[in-house]
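Undergrad: Pasting a predicted model and its sequence here:
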Amino acid sequence: MKIPAFLLRFPHHYFSRRTCFKSVHFSSRSDFLCTGSLTPMHLCCTKQMFSLKGLKRGLCHQAAIDQQVEGLSDREQGLVDRLYSGLIEGHRACLAEAITLVESTHHRKKKVAQVLLQKVLSYHREQEKLNQGKPLAFRVGLSGPPGAGKSTFIECFGKMLTERGHKVSVLAVDPSSSTSGGSLLGDKTRMTELSRDMNAYIRPSPTRGTLGGVTRTTNEAILLCEGGGYDVVLVETVGVGQSEFAVADMVDMFILLLPPAGGDELQGIKRGIIEMADLVAINKADGDLIVPARRIQAEYVSAMKLLRKRSKVWRPKVMRISAKTGEGISDMWDKMTKFRDLVFMSGELIAKRRKQQKVWMWNLIQENMLENFRSHLAVKDKIPLLEEKVLSGVLSPGLAADLLLKAFKGGL
Ligand SMILES: Nc1nc2c(ncn2[C@@H]2O[C@H](COP(=O)(O)OP(=O)(O)OP(=O)(O)O)[C@@H](O)[C@H]2O)c(=O)[nH]1
């Protein structure tokens, strides 16, 4: 489709008319994510603006931002400007406020948050260009069963990094709270010393919402932390559910922290998560636990040899550490930076981040679609009825799903 010249010159004019074309070409749209021009949330919200095939990249991008900005009141625009400059100047209070904003489920606040994120993304791109394309921050996922020593480790590891001049943020993802009503990570006082450190920022995930919601806000919180100058972003999760898979999809490196305990005690840990690990750290390798820690290390070394190779330049490592004594922590950081440098130099890091952006966008679409489906008037009342029929064996799940989907499509 040929784009009229006046549209290229006045994209505002074009988009403000809310012209919406039916055709949707997602593959070309994914480019916006891969180049970091848009956040997946932004693209998800404004996808009707991208339906004109072949529209120039810069034009779409700018128009999308402009339209979002245009929709804001002066007060909202003022808030975006204040949070943005505060964030870039490194004020922790602004970072905290900005994360609260992205966590909000309020319609207006969500919109304001997207404008802010968009500005932060533009800032990122500029900074990364200055940094020869190297990412501003190292995103690290940390998972492990309850009691493995995650908080003790983060405290020790975080302090070591801040002493070396790094700025560290810790985002604790705990979606268990949304299903069980209790919080595994948020309830107790954790990492007391690190939380007092001015070069560290610790944030528990929201205690409400679905895993999808938590995933979105964590991804966005990562961007904000990076905008705030944190060069190491640690995303912590309890390794007993689905959250660790979600976290593995947001980070550059995924670390599994395990206690020196055997198979039975680690039943909660899913096999799949071991396959995601770039590094397995057997913690508590001190005192009487040194011997079992060695044994567990050997077991994991042989188990991991059997796993499919995920990187051309890195073989997952298994090492022993003690978060209590600090033994092995510095060596662990050396391995982590080696990993970061190797995957960056090989191009794997950038490719991984691009892929993650796409996964993030599709997760958002999936989540939104499902939410629309469940709350749609044509379906809402039928769901419990059909669920009941499936449970009692009167209807097959396939037929029930067909009936619901038909009702949904009919109601569109
Ligand atoms: N001996 C020894 N004990 C440790 C070490 N790291 C942690 N611990 C102990 O293990 C227990 C659990 O540590 P936490 O840091 O709270 O573990 P966690 O994984 O954060 O646990 P949750 O907060 O329940 O998820 C505490 O009693 C720690 O003192 C270590 O390196 N050596």
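TA: Received, thanks.
Undergrad: quick one: low-confidence ranges for this protein?
TA: 1-70, 174-189, 205-214, 239-241, 262-271, 412 (pLDDT under 70).
Undergrad: domains for it, by residue range?
TA: 5-70, 74-129, 134-345, 355-410 (automatic domain parsing).
Undergrad: hey, which of these is tucked in deepest?
TA: Across the domains of the chain, the average number of neighbours (mean count of other Cβ atoms under 10 Å) peaks for domain 134-345, which reaches a mean of 19. Every residue, glycine included, has its C-beta placed from N, CA and C.
Undergrad: what residues are up against the nearest residue to Ala246 once chain neighbours are set aside?
TA: Leaving out its chain neighbours, the residue that sits closest to Ala246 by Cβ to Cβ, 6 or more residues apart in numbering is Thr215, at 4.6 Å. Contacts of Thr215 were listed using Cβ atoms under 8 Å, 6 or more residues apart in numbering, and they are 246, 250, 360, 363.
Undergrad: Contact partners for the closest residue in space to Val359 that isn't next to it in sequence?
TA: What sits nearest to Val359 in space, not counting adjacent residues and going by Cβ to Cβ, 6+ apart, is Asp249, at 5.4 Å. By Cβ under 8 Å, 6+ apart, Asp249 lies in contact with 356, 359-360.
Undergrad: Please apply the same query to His124.
TA: 36, 136, 223, 226-227.
Undergrad: Let me have those in CSV, extended by secondary structure.
TA: Shown next, in CSV, are the contacts of His124 (DSSP: H, G, I helix; E, B strand; the rest coil):
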residue, secondary structure
Gly36, coil
Leu136, coil
Leu223, helix
Glu226, helix
Gly227, helix
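Undergrad: Please identify which of those is nearest to Ser330.
TA: Leu136 (23.3 Å; Cβ to Cβ).
Undergrad: And the closest one, how close does it get to the ligand?
TA: 28 Å (Cβ to the nearest ligand atom, to the nearest Å).
Undergrad: just Trp362 next, same as before
TA: Where the ligand is concerned, Trp362 sits at a distance of 30 Å (Cβ to the nearest ligand atom).
Undergrad: what helix or strand is that residue on?
TA: helix 348-375 (DSSP states H and E).
Undergrad: Give me the distance from that helix to the chain's centre.
TA: 10 Å (Cα atoms, centre = their mean, to the nearest Å).
Undergrad: which strands and helices sit next to it?
TA: In terms of contact count using 3 or more Cβ pairs under 8 Å, 6 or more residues apart in numbering; DSSP states H and E, helix 348-375 is assigned the packing partners helix 26-34, helix 40-45, helix 211-227, helix 329-345.
Undergrad: Can you tell me which residue of the chain sits closest to the ligand?
TA: Gly149 (3.0 Å; Cβ to the nearest ligand atom).
Undergrad: Look up phi and psi at that residue.
TA: phi 110, psi 30 (degrees, to the nearest 10).
Undergrad: give the contact list for the residue lying closest to it once chain neighbours are set aside.
TA: In space, and not counting its chain neighbours, Gly149 is closest to Asn283: 4.3 Å by Cβ to Cβ, 6+ apart. Asn283 sits next to 144, 148-149, 152-153, 257-260, 293, 321-323 when contact means Cβ under 8 Å, 6+ apart.
Undergrad: Over to Ile329?
TA: Applying Cβ under 8 Å, 6+ apart, the residues near Ile329 are 153, 156-157, 160, 321, 323.
Undergrad: same deal with Val343?
TA: By Cβ under 8 Å, 6+ apart, the neighbours of Val343 are 252, 311, 313-314, 349, 352.
Undergrad: Output those in a markdown table; the columns should cover distance to the ligand.
TA: As requested, those are arranged in a markdown table below (distance: Cβ to the nearest ligand atom, whole Å):
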| residue | distance to the ligand |
| --- | --- |
| Asp252 | 22 |
| Ser311 | 27 |
| Val313 | 30 |
| Trp314 | 25 |
| Leu349 | 28 |
| Lys352 | 26 |
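Undergrad: Out of the residues you listed, name the two that are farthest from one another.
TA: The farthest-apart pair in those, when distances are taken by Cβ to Cβ, is Asp252 and Val313, at 13.2 Å.
Undergrad: How about the residues of the stretch 101-250 of the chain by the ligand?
TA: Counting by Cβ under 6 Å from any ligand atom, the residues of the stretch 101-250 of the chain close to the ligand are 144, 146-152, 184, 238.
Undergrad: any chance of those in CSV, with secondary structure and distance to Arg125 too?
TA: Shown next, in CSV, are those (DSSP: H, G, I helix; E, B strand; the rest coil; distance: Cβ to Cβ, whole Å):
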residue, secondary structure, distance to Arg125
Gly144, strand, 34
Pro146, coil, 39
Gly147, coil, 41
Ala148, coil, 37
Gly149, coil, 38
Lys150, helix, 33
Ser151, helix, 34
Thr152, helix, 37
Leu184, coil, 36
Val238, strand, 34
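Undergrad: just checking, Leu101 touches Leu83?
TA: Yes. Using Cβ atoms under 8 Å, Leu101 makes contact with Leu83 at a distance of 7.1 Å.
Undergrad: who touches both of the two?
TA: Residues touching both Leu101 and Leu83 (Cβ under 8 Å, 6+ apart): Leu116.
Undergrad: give the contact list for the nearest residue to Lys150 once chain neighbours are set aside.
TA: Nearest non-adjacent residue to Lys150, counting by Cβ to Cβ, 6+ apart: Gly144, 5.2 Å away. Gly144 makes contacts with 150, 238-239, 256-259, 283, as judged by Cβ under 8 Å, 6+ apart.
Undergrad: Repeat that for Glu155.
TA: Glu155 neighbours (Cβ under 8 Å, 6+ apart): 190-194, 323.
Undergrad: change it to 10 Å
TA: Counting by Cβ atoms under 10 Å, 6 or more residues apart in numbering, Glu155 touches 149, 170, 190-195, 197, 200, 202, 323.
Undergrad: Now intersect those residues with the helices, please.
TA: 192-195 (DSSP state H).
Undergrad: I figured Val232 hits Leu171, correct?
TA: No. Using Cβ atoms under 10 Å, Val232 is not in contact with Leu171; the gap is 11.5 Å.
Undergrad: Spit out the residues that contact the two alike.
TA: 139, 225.
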